[in-house]
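>>> starting from these lines, generate the structure:
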Amino acid sequence: MNEIIKKIESAQLKENAPQFNVGDTVRVYGKIKEGNRERIQVFEGIVLKKQGGSVRATFTVRKNSNGIGVEKTWPLHSPNVEKVEVIRRGKVRRAKLNYLRGRVGKRAKVKELVK
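Residues are numbered from 1 along each chain as shown. Got it, this is the predicted structure:
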């Protein structure tokens, strides 16, 4: 039974999965259906966490919209995620940035990774 599930999941994996890390500022291009039309909406923010593996991998992006924090969790291999564009790399020392939820203004920033 396990091998059957693995075959089905491997067929659904994206070939060119986007490469980004926690703390990066990304632009997620997501498909949205409205009636019979389909359009792409951009969601830009900081990656708070990445979790799961294989087809079940998800990532959470947080942005500040009109003074209110908005978070969206996206499946990494979903056909509704058109592409993920990395705007800037962040320098962080932990895997999940849950502490950013309680911060406002300059304290909510992540330092940029300079190579």
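>>> max-length strand in this protein?
Assignment by DSSP state E gives strand 37-51 as the longest strand of the chain.
>>> and Arg101, how many neighbours?
Neighbour count of Arg101, defined by other Cβ atoms under 10 Å: 11. Just so you know, the C-beta spots here come from the backbone N, C-alpha and C atoms, and that holds for glycine as well.
>>> using the three-state scheme, assign it.
Secondary structure assignment for Arg101 (DSSP: H, G, I helix; E, B strand; the rest coil): helix.
>>> my guess is it contacts Gly69. True?
Yes - if you go by Cβ atoms under 8 Å, Arg101 and Gly69 touch, sitting 6.5 Å apart.
>>> need the residues touching each of the two.
Common contacts of Arg101 and Gly69 (Cβ atoms under 8 Å, 6 or more residues apart in numbering): Arg62.
>>> buried ones in the longest strand of the chain, by neighbour count?
Buried positions in strand 37-51, judged by neighbour count with 16 or more other Cβ atoms under 10 Å: 43, 45-50.
>>> could those residues be laid out in a markdown table, adding pLDDT and distance to Arg62?
A markdown table is the format used below for the buried residues of strand 37-51 (pLDDT from 0 to 100; distance: Cβ to Cβ, whole Å):
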| residue | pLDDT | distance to Arg62 |
| --- | --- | --- |
| Phe43 | 96 | 10 |
| Gly45 | 95 | 5 |
| Ile46 | 95 | 6 |
| Val47 | 96 | 8 |
| Leu48 | 96 | 5 |
| Lys49 | 95 | 10 |
| Lys50 | 95 | 13 |
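>>> with the residues you listed in mind, which one is nearest to Ile4?
Closest approach to Ile4 among the buried residues of strand 37-51 (Cβ to Cβ): Lys50, at 26.9 Å.
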